[in-house]
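S.K.: have a look at this prediction, sequence included:
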Amino acid sequence: MLREGQTRIPSGCAISGVISKSGRRMSGDAIIKSISVMHDRSNGLGGGFAAYGIYPEYKNYYALHIFYDSTLAKKECEVFLEEHFDIINLSKIPTRKIKEITDEPLIWRYFVTPLHTKLVSSQLDEREFTAKCVFHVNTQIKGAYVFSSGKNMGVFKAVGFPEDVGRFYKLEEYEGWCFTAHGRYPTNTPGWWAGSHPFALLDYSVVHNGEISSYDANRRAIEMYGYKCTLLTDTEVITYIVDYLHRKKGLTLNEVASVIAAPFWKTIENMNPEERDTHEYLRMVFSSQLINGPFSILIGFEGGVMALNDRLKLRSMVVGEKDDRVYIASEEAAIRIIEPNLEKVWAPKGGQPVIVCLDGGDA
Amino acid sequence: MKRVYVNEKWCLGCHLCEYQCAFAGTNGKDMARSLKNIKINPKIKIEEKDGVSFAVSCRHCHEPLCVKGCITGAFSVSGGVITIDHNRCVSCYTCILSCPYGAISPSDDGAVQKCELCVKTIKGTPACVEGCPNGAIVFEERG
Amino acid sequence: MAVNFLYPDYEVARNYDRCISCRACERQCANKVHEYIEDLNKMVCDDAKCVDCHRCVSLCPTRALKIIESGNTYKKNLNWTGKTINELYRQASSGGVLLSSMGNPEDYPVYFDKILINASQVTNPSIDPLREPMETKVFLGTKPEDIERDEKGRIINNLPPQISLSMPVMFSAMSYGSISYNAHESLARAAEKLGILYNTGEGGLHEDFYRYGKNTIVQVASGRFGVHPEYLNSGVAIEIKMGQGAKPGIGGHLPGAKISVDVSRTRMIPEGSDAISPAPHHDIYSIEDLRQLVFSLKEATDYKKPVIVKIAAVHNVAAIASGIARSGADIIAIDGFRGGTGAAPTRMRDHVGIPIELALAGVDKRLRDEGIRGNVSLVVGGSIRSSADIVKAVALGADCVYIATAALLALGCHLCRSCQGGKCNWGIATQVPELVKRLNPEIGYKRLVNLMTAWQHEIKEMMGGMGINSIESLRGNRLMLRGVGLNEKELEILGIKHAGE
């Protein structure tokens, strides 16, 4: 059977996320509990979490989480990393043996910063340099796969039900100000851990429920700008689009939302002139980044999280609020299980972004 | 009221309107059967000279001289449409002489004939209009 | 009398039981095939003059006529076919180059017919265009590299000029001269009504049609007929015609007989003189020269009009397109080897160029590989026959398609491929006043609007089936396509998988 990346595998899914706007850190317990409520929305073939604010002691270093198929791949990859980065710390990512999770690869974590000389000679900024190195590992080093590469954040994913994946990674031992989670229902047996979600590049992480019909249009367009889609998943291409629009093109997250879930032309026509000009401009310039077909996504970034539905709202997504916390999930039950006394519960409209930033932050 | 108008700019001189007219008058189902080996005597006629052609048929005048001149009262106006009662016509041809458009002619049954906008046919609407391949004959309301 | 080697290709089959001798066939045939014999009250015909245009068939009120192949055969020979032999006889008798018109009719693969379109099932929902918005609006033009903002952080509109279309279709270039005034009027009015564009072709723009400027592409070809500042500024885009799919590598020749008073005024050439477009533009012998013309035209129009460069699909079309994408052009139009023409040497039409599907796939991929696909929009033509062809072309990577033959069919053309004779019985490819008047633009434009409206509905249905509600999400979306009966190489070039994969 073809591995993920060699073939494209559509999936249905569950997503959940929680953020503390004041930046108060919470343990990974709650998010496991939340996603486990939606057990039936996944089928045991993929689950994972993104956690923000979990590495405060290394917050200035890129935390690379890497899967290795073999020690040989690890050796080759480490040679490459040493050539390009100063490695401050490296270790195996702690896991616990449970019967539900099997066939695990080698899972390592590196805290790194680009080597000054390499960075200067590359004429790239630090993030672009790091992203390029991530692409190099993922496309050139056989058996090595960087699945998390942001600062003060980390992705934890595996093949299995999400609640088992959480226990496997001892997620309850981490404390962060934002967690997102994903349970996957692929229509095929990928059997490769990298194919699970979240998908992440630098600080951006995406969990996604849906199957986008614009996939190949999006993929072929984004690959023009130096991205390489190795997994052929929606989540991967969405992450790259967000990275491209937000980091490289400097769009605000609101603008990113109006590119990927653009308002209909009819809606744009009825906007006030200034708004209309902006939306027209964004649709015309970034027409290839419009994402079509059903999706609900949670995009984690450096200072918060954005939730977004496709413009027809073909996937469920609910937002709940209580004190400084905002909860977002595919189903309301997944929120109620961890916060029964919500102050506000609502379903965002199709294409209407919900952007939650850390206090004082900006999207 | 709606009348038949002709735009010579689009008239191709194909004479199909004449055949459609003749066919409509037969109330037949199949033109080939109705008109085979028949010399047609249509109520609309193509006039052509020097590359210009157009169809001529009754204009259904507001002040129709034919109605005024008819000695037997065979002509009548109903809702603007001028029709002929064949039973009353005595073939004196006063109408033919008085029509400024030459739109009235002797019919094959002894009376005179003219376009009656197909009101007496099965179709009920002008066959020449529907049968014109180039939109040169129209049936419309004009001021 | 010399021996006539040629037996007529067609026979007029007249059903005398149905013929009422109305003589419509006789009056409508510019080739004088039909004749009425008064004594016999009977229609007769000379089959040898028949070009199979079906004007008589369509106008016969009793359906007494049809045209059939004459069926005369030479001794069976799969190498020396009847067609080959006839063409040889014709040349042996005339000593001339064989002329043909409309698109290549030969038996080459039609890749569009070997590509199938996807639809949603279960894992994502199809969308019903009758219930949900379905967008087919397209913009053509260069997209800016970078976002610029003013001091307040608002995005500055730094978009170069764009063309806006209600659907991804335009009427491609057909000059006034090669087609009639009424055909042009039909196209212009339909384009206006539909919110799309038509193209003047290389024959200039008749003064009556300046009022359709918002829906006009003005063409500049090697003959530069009818080109002047007012002309260049009259449309919304300028097209430089480098080549044409029906006759790559050669120019054009409109015989003096077609240069009527009006055509001569519009083209700015003497009445009755032959209008000859040279094979190359004599100021463009290389890509850097093209760049100069692109910018000359932009200077002349104050950088307000996107410039289209139209080329024929030839073997190294991808490399050529890549050069054009860096030449300052905003849009590249590629014309496949099945594209139509008012007249072309038969051998050129039937043996030069490549299929548009392969050219498109190759160009789109090349421009993406080089990261310059955003520099230009891609328009493809050369036998787009239906809405399905459009969906497939867009999914292969086109922004928009050009149609011409399909538009002429809507106007009455029956593809008799005799345009070069100038006696088009349908009033399209002719300048003879009594033939031209057979195409009433009032009828013609409505038929074009009908056709495009129908296609738009079908495009929306197919998009909805795929779960796509905006045409830009279909553009280059090759996963939505599968090949049937194609070999590995063809699939590789088209960038699609085989059905079942």
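M.R.: Alright, I've got the coordinates.
S.K.: now do the same contact list for residue 278.
M.R.: All of this refers to chain A. When contacts are counted by Cβ atoms under 8 Å, 6 or more residues apart in numbering or on different chains, residue A:278 touches A:255, A:258, C:154, C:155. C-beta here means a position set from N, CA and C on the backbone, and glycine is covered the same way.
S.K.: you answered for a different chain; I wanted chain C.
M.R.: C:222, C:223, C:251.
S.K.: JSON lines please, covering the residues you listed and showing secondary structure, distance to chain A and neighbour count.
M.R.: Below are the contacts of residue C:278 laid out as JSON lines (DSSP: H, G, I helix; E, B strand; the rest coil; distance: Cβ to the nearest Cβ, whole Å; neighbours: other Cβ atoms under 10 Å in any protein chain shown):
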{"residue": "C:222", "secondary structure": "coil", "distance to chain A": "33", "neighbour count": "21"}
{"residue": "C:223", "secondary structure": "coil", "distance to chain A": "35", "neighbour count": "23"}
{"residue": "C:251", "secondary structure": "coil", "distance to chain A": "36", "neighbour count": "18"}
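S.K.: re the thing from before, quick check: the farthest pair among the contacts of residue A:278?
M.R.: Taking every pair in the contacts of residue A:278 and measuring Cβ to Cβ, the maximum separation is 14.0 Å, between A:258 and C:154.
S.K.: the more surrounded of those two?
M.R.: Higher neighbour count among residue A:258 and residue C:154: residue A:258, with 23 against 12, using other Cβ atoms under 10 Å in any protein chain shown.
S.K.: what separation is there between that one and chain B?
M.R.: Counting by Cβ to the nearest Cβ, to the nearest Å, the gap from residue A:258 to chain B is 48 Å.
S.K.: where do the helices of the stretch 1-150 of chain A begin and end?
M.R.: Using DSSP state H, counting those that start in this stretch, the helices of the stretch 1-150 of chain A run over residues A:29-37, A:71-84, A:116-122, A:126-140.
S.K.: of these, give the one that comes closest to chain B.
M.R.: Taking Cβ to the nearest Cβ, helix A:126-140 is the member of the helices of the stretch 1-150 of chain A nearest to chain B, at 64.1 Å.
S.K.: how about the closest one and chain C, touching?
M.R.: No: shown here: helix A:126-140 not in contact with chain C (Cβ under 8 Å from any Cβ of the partner chain), separated by at least 15.2 Å.
S.K.: so which elements touch the host helix or strand of residue C:293?
M.R.: Secondary structure assignment for residue C:293, by DSSP states H and E: helix C:287-300. The contact analysis (3 or more Cβ pairs under 8 Å, 6 or more residues apart in numbering or on different chains; DSSP states H and E) places helix C:287-300 against helix C:229-234, strand C:237-241, strand C:307-312, helix C:317-325.
S.K.: would you reformat these as JSON lines and include mean pLDDT, mean neighbour count and distance to residue C:268?
M.R.: Shown next, in JSON lines, are those (pLDDT from 0 to 100; neighbours: other Cβ atoms under 10 Å in any protein chain shown; distance: least, Cβ to Cβ, whole Å):
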{"stretch": "helix C:229-234", "mean pLDDT": "96", "mean neighbour count": "16", "distance to residue C:268": "10"}
{"stretch": "strand C:237-241", "mean pLDDT": "97", "mean neighbour count": "26", "distance to residue C:268": "17"}
{"stretch": "strand C:307-312", "mean pLDDT": "98", "mean neighbour count": "27", "distance to residue C:268": "22"}
{"stretch": "helix C:317-325", "mean pLDDT": "97", "mean neighbour count": "22", "distance to residue C:268": "28"}
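S.K.: for the residue minimising distance to the centre of chain B, list the residues it contacts.
M.R.: By Cα atoms, centre = their mean, the mean C-alpha position of chain B lies nearest to residue B:115, the distance being 2.5 Å. By Cβ under 8 Å, 6+ apart, the contact set of residue B:115 is B:4, B:21, B:43, B:44, B:57, B:58, B:103, B:126.
S.K.: how about the secondary structure of it?
M.R.: What DSSP: H, G, I helix; E, B strand; the rest coil gives for residue B:115 is coil.
S.K.: have a look at chain B and report its longest helix.
M.R.: helix B:16-26 (DSSP state H).
S.K.: from the contacts of residue A:278, pick the one nearest chain B.
M.R.: residue A:258 (47.9 Å).
S.K.: that closest one: what's it in contact with?
M.R.: By Cβ under 8 Å, 6+ apart, the residues touching residue A:258 are A:278, A:279, A:282, A:351.
S.K.: residue C:332 too?
M.R.: Residues near residue C:332 by Cβ under 8 Å, 6+ apart: C:308, C:309, C:310, C:311, C:321, C:324, C:325, C:363, C:376, C:377, C:378, C:379.
S.K.: mind putting these into CSV with distance to residue A:138?
M.R.: Shown next, in CSV, are the contacts of residue C:332 (distance: Cβ to Cβ, whole Å):
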residue, distance to residue A:138
C:308, 40
C:309, 39
C:310, 41
C:311, 39
C:321, 31
C:324, 35
C:325, 30
C:363, 29
C:376, 31
C:377, 32
C:378, 31
C:379, 37
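S.K.: and the residue nearest to residue C:215 when sequence neighbours are not counted, what's its pLDDT?
M.R.: Distances taken as Cβ to Cβ, 6 or more residues apart in numbering or on different chains place residue C:191 nearest to residue C:215, at 4.0 Å, with adjacent residues excluded. pLDDT recorded at residue C:191 is 98.
S.K.: buried ones in the longest helix anywhere in chain C?
M.R.: Secondary structure assigned by DSSP H gives helix C:441-466 as the longest helix of chain C. Along helix C:441-466, these residues count as buried under the neighbour rule (16 or more other Cβ atoms under 10 Å in any protein chain shown): C:441-449, C:451-452, C:455-456, C:458-466.
S.K.: same question, stretch C:20-39
M.R.: C:20-31, C:33-34.
S.K.: next step: these restricted to helices.
M.R.: C:24, C:25, C:26, C:27, C:28.
S.K.: redo those residues as TSV? Include distance to residue C:138 and pLDDT.
M.R.: Listed next are those as TSV, based on distance: Cβ to Cβ, whole Å; pLDDT from 0 to 100:
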residue	distance to residue C:138	pLDDT
C:24	43	96
C:25	44	97
C:26	47	97
C:27	44	96
C:28	40	96
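S.K.: those also near chain A: which ones?
M.R.: Okay, of those, nothing touches chain A (Cβ under 8 Å from any Cβ).
S.K.: reformat those residues as TSV; add distance to residue B:90.
M.R.: Compiled in TSV, these are given as follows (distance: Cβ to Cβ, whole Å):
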residue	distance to residue B:90
C:24	36
C:25	41
C:26	39
C:27	38
C:28	41
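S.K.: return the distance of the helix or strand harbouring residue C:262 from the chain's centre.
M.R.: Following DSSP H and E, one finds residue C:262 within helix C:261-267. Averaged C-alpha coordinates place helix C:261-267 at 23 Å from its chain's average position (Cα atoms, centre = their mean, to the nearest Å).
S.K.: how about stretch C:156-172, does it reach chain A?
M.R.: Yes: Stretch C:156-172 is in contact with chain A by Cβ under 8 Å from any Cβ, via C:157, C:159, C:162.
S.K.: which of those residues are buried?
M.R.: By 16+ other Cβ under 10 Å, those give residue C:162 as buried.
S.K.: out of the residues of stretch C:156-172 next to chain A, which is nearest to chain B?
M.R.: residue C:162 (36.9 Å).
S.K.: sweet, I'm off.
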